[in-house]
Structure formats: C-alpha cells, structure tokens
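J.: Here's my sequence, what's the structure:
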Amino acid sequence: MKKLILLFSLFLAPAFSYKENQKINQNFSSNNTSHKRLKRDWIWNRMHIREEIDSPLPHHVGKLTSSVGNKNAMYIIEGESANTIFKVQGYDGDIYAFERLDREKKAEYELTAHIIDRRNNRSLEPPSKFIIKVSDINDNAPIFVQKIFNGSVPEMSRLGTSVTKVTAEDADDPTVAGHATVTYQIIKGNEYFTVDDSGVISTARADLDRESQSAYEIIVKAKDALGLTGESSTATVIIRLTDINDNFPVFKHPSFHFRVPENISVGGEVGRVKVEDIDEPQHRNTKYSFVRGDYRDTFEIIANPFTNEGIIRPKKPLDFEKVAEYRFDIEATDHNVNPAYYKPGGSRSISTITIEVTDVDEPPVFTKLSYEFKVRENDPEIKTLGSVWAHDPDAAKRKIRFARRRASPNGDYVRVSDSGIIQLPKPLDREFSSLYNITVAAQEILEDGRLSDRESHAQVHVIVTDENDNAPELVYPEEPRVCENAAPGKVIIRISATDKDEISPGGFFTYSLTTEDSNFSLTENPDNTANITVKDGQFNRELAKIHYLPVIISDNGNPELSSTNTLVISVCKCNEKGDFTFCEERAKQVGVSVQALVAIFICIFTIIVIALLILLRKRHKKDLSGLRRNVAEIHEQLVTYDEEGGGEMDTTSYDVSVLNSVRKNGIKPEVVPSAYAQVQKPPGNTTSGAGEMEMMIEVKKDEADNDRDLLPYDTLHIYGYEGAESIAESLSSLESGSSDSDIDYDFLNDWGPRFKMLAELYGSEPNEDFVY
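T.: Next up, the predicted model:
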C-alpha cells in the first residue's frame, strides 16, 4: 500500500509543479502589463489567551499588523469589551488584557481594528474584525443536573438490572481531551447497587425484597479525575422496589368461631375469615377452599376482592333441630404466585371453622309450597276440596291456625278454615275463570291464645274442569248479501261458530236450517264451518229485500247443546258481472250494556224524585195560604178608587166585613188593651167579617216574619170616601187631619212596627205636613 501511495505521488508531483509555475508566470506577466495599486491587507491571525492566568496584569494577547508602511499610522480597536478589558498600543498594535478571563463565562470576544493617520485621523485601511478566543483549562468540577434522582425496580430482579441514570455536567471545554470527562462512584449503598461511567445505576444483588425493605437511598459522587484539584460533587438517588406477587396468604388465626341464627337467609353472611398477604392489594388473589368436613353443600366461601377476606355464606337453610354445630377446615392459597419466588413456610395456610347454630322461633312450615285441587264447574255437591297442612318446626310444637290472605280472582270463591280445610261456598264457573288462586297463611297459636306475628305462606290453586253447559253461538259475518238474479248453488257466505266451553280435539259443530221452505240451503264443511248457498235462485226484491234465515248450531258435547241463530241476508241489485250495485241500508242494531241501562234507570229515578219534592213543596205552600183569601183578592179591595160608593150598605163593590172592628174576638197586643176595641157599634149590626180580618192579619204577620221575599203590608192605602152610614165614620185621610174627633190614636204605637206609619199619621200634630 505504501508503495502504491509513493508511486501515485511521483506521478502527480510534476503536474502540480507545472501548474504552480504557470500560475506564477501569469501573475508576473499581469504585473508587468498593469500599473494598478495593490491592496494592502491586515496581517494577523486569530488571537488566543489562556483563562485564569496567575501572572500580574496586564496579559499580552497579541499584535495587530498591517502592510501599510506609514510611520504616522496608529491602531484603534472597537467592539465588545474594547478599551475596558482589552486595550491596544496605538503605535505598535500590541493588545493587552487588563482582567483575568474565565472561559466558562465567555469563551471568545469579537473586536474591530482600525488604522488611521495620527495627523489627520484619516483611515488608511478599511476596518477589519478579529476574534480573541479564551483557551480552556481544567478548572471546574462536574455538577449534577439535579440534587435528587428517583428510580424504581421490581423486587427480586436479576443481578445487573438497570434501575435509573444520573447525569453530571462539567463546565470545561469538552473539545479539549480530558477536560470534561466525568466518572461516577456510589459512596453509600454500593452493596445493593452499582453505577457505570455513563451514570447508569444497576442492581448489585438478586435478593432485594420489598417486604424487607421497600426503598433505598444511595449517594453517587461525580468526579473529574483528570482535573488538577480533583474536585467532585454528590447527588442522592432514591430507589423504590415495586411489588410482585411473591407471598402466599396466611390466616391470622388458626381457628374461627361464629354464631348464627337458624333463620339466616340463603346467601346471607355467616362470618368473615381474615388472612394476611404482605403483597400489595393488586397482587392479593386469595382463593378459599374446603379441605376437611362434609359441609361443602351447606356453605360456600367467597373472597372479597377489596378486603381479601373470605365470606362464609349458607347455600341452603339451616335447621337447629337437625344440626346445631358445623365444624370444618378451609385452606387459603394464591395460585398466581410465581414458583421461582417461593419462600420458606409453604404455599398453603389452613384454619378450622366452627359455626354454632342458635335456635329461633321459626314460622310454621307447610308440607308443600303449593297445593293443587281440581273441581267440576257448577257442581253444587262439592263443598270441600281438601286441606293444607303445616307444623311448628320448633320444640314447642304449637298448634297452627290458617287464614286466607290473597285471592285471584278477587272475591269469596274459595275459603280456608282455621284448620286448613279448603272449601267452596258456591259452585265455580269455568267460563268466569278456569283457575282460582289463594294464598294461605299459617300462624302459631301462643300459650295465651294470641297468634304469633310470624307466619308462612303457601299457594293453593283450584283448577275448574269444564262441563258442556254452553251452547255454541254463531260468529256473525259482515252483512251477508246476495244478488237478486243469483244462480242456484251460488255460495253466499261461509259461517262459523264459537263455544264458551272448552273444545276437545275431537269436538265439532253441526249446522242445519230450521226450515226447508226458503230459497237457501246449507252445506257443512270439514273445518267446522258451513256454506250458505242459493237453492233455487232468482230472488224477488219486490216481495222481500231482506231475508231472515234461522240456523241451528249443535255441538257433540255431553250433553249435546244447540242454539238457534238468525242470519240476516240482504237481496241486492247486481250488474252482469255479479257485482253489487245497490243494497238497502239495514238499520244498525245498537246494543246497550247492562251497566249503561242501570245508569240510565238511576238517572230517571233521580229526576222523578226531584220533581216530586218540588211538587210537594209547592203544595205545602198552597196549604199554608188556604186559610186566607187570595192575595190578589185582598189587594183588590184595598186599592185606591175614586168613586165614593154607597157607604157601608153597598156590598157590591167590596166586602166591607174585612174592615170591621176586631174587638169582639179582638187581638189584644201584649198587655195594653186595644183602643180601637173601645169603639162601640150598634148591637144589632154585627157581621161575620171580624174573624176573617183577624185571621188575615195574623197570616200576613207570619208571612212577613218568615218570608223575606214578600213586601211588608204596613204601607198606607188612601180611600177617598167611605160613606155616611159607616159606624166608624170616614176612614179617609183627607178629612182626618181637620176632624174634631176626640179619639186618641196613640194606641197604634202599641201595636208594633206594622202600625208605625198609621200611628205617626193619626197621632201627629195638625200643623205637620206629610208628603207621600
């Protein structure tokens, strides 16, 4: 290979030499032919200075040089830290640093150099930029990126399993070999974990058990081994062991004892057994099983997924009188434990369970949960169907009393006696209900004769067998019609029947007509139906537009029953194709239910009663007014009239008897005697009107007191002239004001409020004015 490279160089060297000589000759030729000014360039390289120099300040950095050959040239620098940290000697271009530099703070500085004529400050060359780079020394210890690191690893992991990684950084220049090299070392916890040069922490042993110690705190040191000072830093790493299923459950007690009443429900909780599993809850999968004892069919043990407890439940009812105590052994294990992590102590834990059953007062127990009886419908001779039986399961063996609780259908159709006998108060009808159900309750009779509050129930089902007691009935079709020109044998309609009784598989109906004298015939079909057909044809609509055809339907039951049903057939006009063109509308039969009829009768009866009450009330009022004259007649005699009349002797105009004095059979208001009774009449001039006047006044008083709708009758009526022959003289108010009569009318004030107006009229002073 070396010979090949040498041979290649020998071939290429003359070629390169020839090209360089040709290029120099071209430049020389160009310079000879051109008299242009050559550009003068700055002459320097990138400057470097080492950080943290221990020698006295200032420190020489470098020198600015230019190809300008002017003795008056002066150097000037500008830019970052110019004339502060860095200064230049203007005459020779030397640059000095007047502060100690730290690369970790700033690695390089960018400055601009100028060259000017000191005499006129004219720039001799364009400005140029240059960089001062600070060189690194290994003067920094590595620093961890955080003070505390966290990691985790499953317990019982294999040796060398990676846990976590720590990182420390060195501020020195990583491009300088060895300046930023970091090494790690565990100074606490190195017996459990190791760390490599990249900072990866791994397990140092394979038996790290979370149940023994769940967390470890180790200290890792980061060191710059090549540094002059050998400084280092430390960080704390917290490592937690995550749990795995590596422990079996263990019973907390070698035996458990429970007491439970015998009436505990199936599936109820007898008690709980507790185990200890030191794994975390997500890794606790305890399974319980029976290992000794013959009670697996009596109890079951279910693990609670949240508490890991074993819940003991009965699978069937307990009976203190049969078994008073149960004893068996159970086992707790976890099938999910990895066999690789088995620990001393075994994979099974066994405990003895004792369940003591206590006696309670139990309700009676029926010999069967349900009873079934069959009875023929409408059989009056069957009164007793059978009986139900229950006994007291306790040692007291009390007597039992039975009672009915619920019935379906609701009603007094099936009864049960105190001794449990099932009775029928009346025959049952299968068509009403084919099945009668009742719930029978059994209660114990206590020593003091009271019934226990605990009871048990049994269902009694009474099945009613069918008897042929209902005749078949026609299923009425939808308005059968026939053309008036129908041909003989034309099928008009197919009819069928129904029977409320139970139809046996071999049951059938028989159809027939009551008479053969019609233009219809009947033909039976094999499917329990029949066809109504035209016998002779040619119906006459002028004679009959509707035909009523009686049909007899019989069954083959025992006994055989039949019924006669009327089929209404309309005769219609038809076209040549046999389509109906015109049929009379038959009056639709509107059926009314029994309930509607009852409601109608009740309404009619209520209306009649109300009418009678109103009539009796009016009759009663009429009777009350029979003792007096008609109100219109009385008012007719008291109204104002203008003619004078013939006085007292004129009896044709009005009945003067009603104006006679009431003194003979007179009314004496309260204690004061009536002054009007003192007026004397001639002895032989008595009339029969005094009693009527008294009765009329009393009736009017009663009406005014009791009937608020009537107007009061104490209003003033004016009379023009009564006549000369009246013993009471004139009653006219026109003359009473100027009369010289010495009669004192103040007694009217004692007659009550009805005569108040008259008392004010006749008892007032003559000079008082009254306006009406």
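
J.: How far does stretch 357-374 stretch from one end to the other?
T.: 42 Å (CA to CA, to the nearest Å).

J.: what's the average pLDDT for that stretch?
T.: Mean per-residue pLDDT for stretch 357-374: 90.

J.: what sits up against that stretch?
T.: Residues outside stretch 357-374 that contact it (CB atoms under 8 Å, 6 or more residues apart in numbering): 259-263, 318-321, 323-326, 385-386, 388-395, 400, 422, 442-444, 452, 454-456, 458-465. No exception for glycine: its C-beta is placed from N, CA and C like everyone else's.

J.: Please repeat the previous calculation with a cut-off of 7 Å.
T.: 259-263, 318, 320, 323-325, 385-386, 388-394, 400, 422, 442, 444, 454-456, 458-463, 465 (CB atoms under 7 Å, 6 or more residues apart in numbering).

J.: Just the buried residues of it, please?
T.: 357, 362-366, 371, 373 (16 or more other CB atoms under 10 Å).

J.: So which of these sit within strands?
T.: 357, 365-366, 371, 373 (DSSP state E).

J.: how about the residues you listed in CSV, adding distance to residue 144?
T.: Below are these laid out as CSV (distance: CB to CB, whole Å):
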residue, distance to residue 144
357, 69
365, 81
366, 83
371, 88
373, 94
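
J.: Show me which of the residues you listed is closest to residue 523.
T.: Checking those against residue 523 by CB to CB gives residue 373 as the nearest, at 45.6 Å.

J.: Just give the nearest non-adjacent residue to the closest one, would you?
T.: residue 385 (4.1 Å; CB to CB, 6 or more residues apart in numbering).

J.: got it, and residue 573?
T.: residue 582 is the one closest to residue 573 (CB to CB, 6+ apart), at 4.3 Å.

J.: for residue 549, same thing?
T.: Spatial nearest neighbour of residue 549, excluding adjacent residues (CB to CB, 6+ apart): residue 567 at 4.5 Å.

J.: so that neighbour touches residue 480, yeah?
T.: Yes - applying CB atoms under 7 Å as the test, residue 567 and residue 480 come out as touching, 6.4 Å apart.

J.: between these two, what contacts are shared?
T.: Residues touching both residue 567 and residue 480 by CB under 7 Å, 6+ apart: residue 532.

J.: the more surrounded of those two?
T.: Neighbour count, other CB atoms under 10 Å: between residue 567 and residue 480, residue 567 has more, with 20 against 17.

J.: remind me, longest strand of the chain?
T.: Per DSSP E, the chain has its longest strand at strand 451-465.

J.: sorry, back to before: and which of the buried residues of stretch 357-374 is nearest to residue 54?
T.: residue 357 (97.8 Å).

J.: What residues sit buried inside stretch 294-308?
T.: So stretch 294-308, judged by 16+ other CB under 10 Å, has buried residues 295, 298-301, 303, 308.

J.: just those residues now: which is nearest residue 127?
T.: Set against residue 127, the nearest of these by CB to CB is residue 308 (84.4 Å).

J.: Please name the nearest non-neighbouring residue to that closest one.
T.: residue 284 (4.7 Å).

J.: burial count for that neighbour?
T.: Neighbour number of residue 284 under other CB under 10 Å is 21.

J.: That one and residue 306 touch, don't they?
T.: No - Residue 284 lies out of contact with residue 306 (CB under 7 Å); the separation is 9.8 Å.

J.: still on that earlier bit, I'd like the distance between the residue nearest to residue 549 and residue 438.
T.: According to CB to CB, to the nearest Å, residue 567 and residue 438 sit 45 Å apart.

J.: How about residue 504?
T.: For residue 504, the distance to residue 438 - CB to CB - is 29 Å.

J.: Compare neighbour counts for these two and give me the winner.
T.: residue 438 (21 against 12).

J.: Wait, the more buried one touches residue 414, no?
T.: Yes - with contact defined as CB under 7 Å, residue 438 reaches residue 414; the gap is 5.1 Å.

J.: For those two, list the residues in contact with both.
T.: With CB under 7 Å, 6+ apart as the test, residue 438 and residue 414 both reach residue 407.

J.: hang on, the earlier thing: just the pLDDT at the residue nearest to residue 373, thanks.
T.: 90.

J.: Wait, a strand at it?
T.: Yes - with the criterion set as DSSP: H, G, I helix; E, B strand; the rest coil, the secondary structure at residue 385 is a strand.

J.: So, low pLDDT: which residues of the stretch 151-300 of the chain?
T.: 174-178, 225-231 (pLDDT under 70).

J.: can you give me the strands in the stretch 151-300 of the chain?
T.: 162-165, 168-169, 183-188, 193-195, 200-203, 215-223, 232-242, 250-251, 255-261, 271-273, 275-276, 287-292, 299-303 (DSSP state E, counting those that start in this stretch).

J.: what helices or strands is the longest one leaning on?
T.: Spelled out, it's strand 232-242. strand 143-144, strand 148-154, strand 215-223 (3 or more CB pairs under 7 Å, 6 or more residues apart in numbering; DSSP states H and E).

J.: nearest to residue 245, of those?
T.: Of all the helices and strands packed on strand 232-242, strand 148-154 comes closest under CB to CB, at 10.9 Å.

J.: Direction included, what does the closest one pair up with?
T.: strand 232-242 (parallel) (DSSP bridges).

J.: Tell me the buried residues in the partner strand?
T.: 232-233, 235-237, 239, 241.

J.: what residues does that strand touch?
T.: In contact with strand 232-242 (CB under 7 Å, 6+ apart) are residues 141-144, 146-155, 163-164, 166, 168, 193, 201, 208, 210, 214-223.

J.: what about that strand, distance to the chain center?
T.: 55 Å (CA atoms, centre = their mean, to the nearest Å).

J.: report the angle between the axes of that strand and strand 215-223?
T.: With axes from the mean of the first three to the mean of the last three CA atoms, to 10 degrees applied, the angle from strand 232-242 to strand 215-223 works out at 150 degrees.

J.: can you dump the C-alpha coordinates of strand 232-242 into CSV?
T.: Extracted in CSV, the C-alpha atoms of strand 232-242 (Å, rounded to 0.1, in the frame of the first residue of the first chain):
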residue,chain,number,x,y,z
SER,A,232,-16.3,16.4,42.9
SER,A,233,-20.0,16.7,43.7
THR,A,234,-22.6,14.3,45.0
ALA,A,235,-26.3,13.6,44.4
THR,A,236,-28.9,11.5,46.2
VAL,A,237,-30.7,8.7,44.4
ILE,A,238,-34.0,7.2,46.0
ILE,A,239,-34.7,3.8,44.6
ARG,A,240,-38.1,2.1,45.3
LEU,A,241,-38.8,-1.6,44.9
THR,A,242,-42.1,-2.3,43.1
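
J.: For the remainder of this discussion, apply numbering that starts at 52.
T.: In the new count, where the first residue is 52, that last one comes out as strand 283-293.

J.: can you give me the angle it makes with strand 234-239?
T.: Angle of strand 283-293 versus strand 234-239, following the same axes, to 10 degrees, is 60 degrees.

J.: Quick check: residue 540 vs residue 491, distance?
T.: 64 Å.

J.: I misspoke; the intended subject was residue 746.
T.: Residue 746 is 78 Å from residue 491, by CB to CB.

J.: So between those two, which is more surrounded?
T.: When neighbours are counted by other CB under 10 Å, residue 491 comes out ahead of the other of residue 746 and residue 491, with 23 against 14.

J.: list the contacts for the more buried one?
T.: 439, 453, 455, 467, 508-509, 511 are the contacts of residue 491 under CB under 7 Å, 6+ apart.

J.: Tell me the buried residues within these.
T.: Using 16+ other CB under 10 Å as the burial test, the contacts of residue 491 include 439, 453, 455, 467, 509, 511 as buried.

J.: Per-residue confidence, the last one, what does it come out as?
T.: The score at residue 511 is 95. That number is its pLDDT.

J.: Hmm, residue 492 and it touching each other?
T.: No - Residue 511 lies out of contact with residue 492 (CB under 7 Å); the separation is 11.2 Å.

J.: Could you work out the end-to-end span of stretch 273-291 for me?
T.: Stretch 273-291 end-to-end distance (CA to CA) = 22 Å.
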